[in-house]
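Novice: Any chance you can model this:
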Amino acid sequence: MPVNQAPFPATRLRRLRKSPAMRDLVRETHLSVSDLIWPVFVRQGKGEVEPVASMPGVNRYSVDKLVEAAREAQSLGIPAICIFPYTGQEDRTESCELAWDPDNIANRAIAAVKEAVPELAVMTDIALDPYNANGHDGIVRDGIIVNDETVEALVRMALAQAAAGADILGPSDMMDGRIGAMRAALEAEGHHDVAILSYAAKFASAFYGPFRDAVGASAALKGDKKTYQIDPGNRNEALRCVERDLSEGADMVMVKPGLPYLDIARAVKDRFGAPTYAYQVSGEYAMIEAAAQNGWIDGDQAMLESLTAFRRAGCDGVLTYFAPRMAQILNG
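Specialist: This is a model prediction of the structure:
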């Protein structure tokens, strides 16, 4: 940053803003299609494209339709999708055993996408909330979300997803010790090249509501997730969590939610230098879409501005439901 600029009028900062060409020449932060990961929802059935009411423009896809969406993503140059399963209450249990069933909807979707579009990276979600009768990311015993038993379940889930062909595992549960346990199990089973993008700094946020609708967890959730997700006021704790996960074998780390926590993303990137991502979560997406549909903001400009903010804050990429739309704009 210059400290001895010439005084006005020798320095006129507006000279570099006078035209699109000049602004392009001096732009400091750039957004590209390769910065985007597209979160997608998969459900049972065939030929199904089911809108998510609280997320305008977002759908749940049956596996065959998800494959079509994956082909679209690849054609747009999006490098990765992240698969989340929708599970009905009838398939949820206290022990969450469907989570590591090789034939569950998420694992079938992973295999189908990798067969159809092998060059597209497939990321997954590792947490028990889509399979849990209580709607929590961990197993519940006598009203307590138990850590170590949950980690054992998450390891089984990780191995099943790796066997299905996942390229990137995304542990989003925030249990202590799960990264080290998963990495050791993956190595022992020969999954040496499966990457872990840890939700290392995941906050107990009010911005997750539409996502819980999308995966069917809203009605199931009993209580809140504050005993395992980070308090929104705790910056140093978030950094400790990131440091721990990197030390246990995470290849990449994530801050979630996104825009309300850009200070955390910047601190993570500056301190650790590891590949750093943010998740522009469902509530962030829904707010922009709702305001745009009401004519209160320019939706496309707000989308671009919000995604640029992640890159400016030091993120290497963003999980965003805007990915296909943003890719179309960036591709011209």
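Novice: how about the lowest-mean-pLDDT helix or strand in the chain: buried residues?
Specialist: Lowest mean confidence among the helices and strands of the chain (mean pLDDT, DSSP states H and E): helix 209-215, at a mean of 77. Buried residues in helix 209-215, counted by 16 or more other C-beta atoms under 10 Å: Gly209, Pro210, Phe211, Arg212, Asp213, Ala214, Val215. All C-beta spots, glycine's among them, are computed from the backbone N, C-alpha and C.
Novice: Could you list every helix and strand that that helix packs against?
Specialist: Other helices and strands packing on helix 209-215, by 3 or more C-beta pairs under 8 Å, 6 or more residues apart in numbering; DSSP states H and E, are strand 80-85, helix 282-293.
Novice: Export that helix to CSV, keeping only CA atoms.
Specialist: Output of helix 209-215 as CSV, limited to C-alpha atoms (Å, rounded to 0.1, in the frame of the first residue of the first chain):
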residue,chain,number,x,y,z
GLY,A,209,-32.5,-23.0,7.6
PRO,A,210,-33.3,-23.4,3.9
PHE,A,211,-30.6,-26.1,3.6
ARG,A,212,-32.2,-28.1,6.4
ASP,A,213,-35.5,-27.9,4.4
ALA,A,214,-33.6,-29.2,1.3
VAL,A,215,-32.2,-32.3,3.0
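Novice: i'd like the first residue to be 5 from this point on
Specialist: Yes, from this point I'll number from 5; that puts the last item at helix 213-219.
Novice: could you point out which element follows that helix?
Specialist: Next in sequence after helix 213-219, counting helices and strands by DSSP states H and E, comes helix 239-252.
Novice: tilt between the following helix or strand past that next one and helix 239-252?
Specialist: Per DSSP H and E, helix 239-252 leads on to strand 256-260 as the next helix or strand towards the C-terminus. Interaxial angle, strand 256-260 versus helix 239-252 (axes from the mean of the first three to the mean of the last three C-alpha atoms, to 10 degrees): 150 degrees.
Novice: got a list of contacts for strand 256-260?
Specialist: Identification of contacts with strand 256-260 by C-beta atoms under 8 Å, 6 or more residues apart in numbering yields 172, 174, 176, 199-207, 209, 242, 246, 249-250, 265, 268-269, 272, 276, 278-283, 285, 319-320, 323.
Novice: Filter those residues down to just the ones in helices.
Specialist: For these, the ones inside helices are Ala242, Val246, Asp249, Leu250, Ile268, Ala269, Val272, Phe276, with DSSP state H as the criterion.
Novice: so the fourth one makes contact with Gly277?
Specialist: This means Leu250. No: if you go by C-beta atoms under 8 Å, Leu250 and Gly277 don't touch, sitting 9.9 Å apart.
Novice: Which one's more surrounded, those two?
Specialist: Neighbours were counted for Leu250 and for Gly277 using other C-beta atoms under 10 Å; Leu250 has more, 19 against 10.
Novice: Check the gap between that one and Ala205 for me.
Specialist: The spacing between Leu250 and Ala205, counted by C-beta to C-beta, to the nearest Å, is 11 Å.
Novice: again with Lys260
Specialist: Applying C-beta to C-beta, the value for Lys260 to Ala205 is 7 Å.
Novice: Can you pull the residues that touch both of those two?
Specialist: Common neighbours of Lys260 and Ala205 (C-beta under 8 Å, 6+ apart) do not exist.
Novice: Between those two, which is the more surrounded one?
Specialist: Ala205 (28 against 25).
Novice: How about that one, nearest residue that isn't a chain neighbour?
Specialist: Closest residue in space to Ala205, ignoring its immediate chain neighbours: Ala242 at 4.0 Å, by C-beta to C-beta, 6 or more residues apart in numbering.
Novice: now Gln332
Specialist: Leu80 (6.6 Å).
Novice: so what's that neighbour up against?
Specialist: Val37, Pro328, Ala331, Gln332, Asn335.
Novice: As a markdown table, these with pLDDT and secondary structure would be great.
Specialist: Shown next, in a markdown table, are the contacts of Leu80 (pLDDT from 0 to 100; DSSP: H, G, I helix; E, B strand; the rest coil):
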| residue | pLDDT | secondary structure |
| --- | --- | --- |
| Val37 | 98 | helix |
| Pro328 | 98 | helix |
| Ala331 | 98 | helix |
| Gln332 | 97 | helix |
| Asn335 | 95 | coil |
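Novice: Put the buried members of those into a ChimeraX selection.
Specialist: Buried members of the contacts of Leu80, defined by 16+ other C-beta under 10 Å, are picked up in ChimeraX with:
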select :37,328,331
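Novice: Low-confidence stretches in the protein?
Specialist: For the chain, the stretches flagged by pLDDT under 70 are 5-7, 220-224.
Novice: need the longest helix for it.
Specialist: Determined from DSSP H, the single longest helix within the chain is helix 151-168.
Novice: Show me what counts as buried in stretch 271-284.
Specialist: Per 16+ other C-beta under 10 Å, stretch 271-284 contains these buried residues: Ala271, Val272, Lys273, Phe276, Ala278, Pro279, Thr280, Tyr281, Ala282, Tyr283, Gln284.
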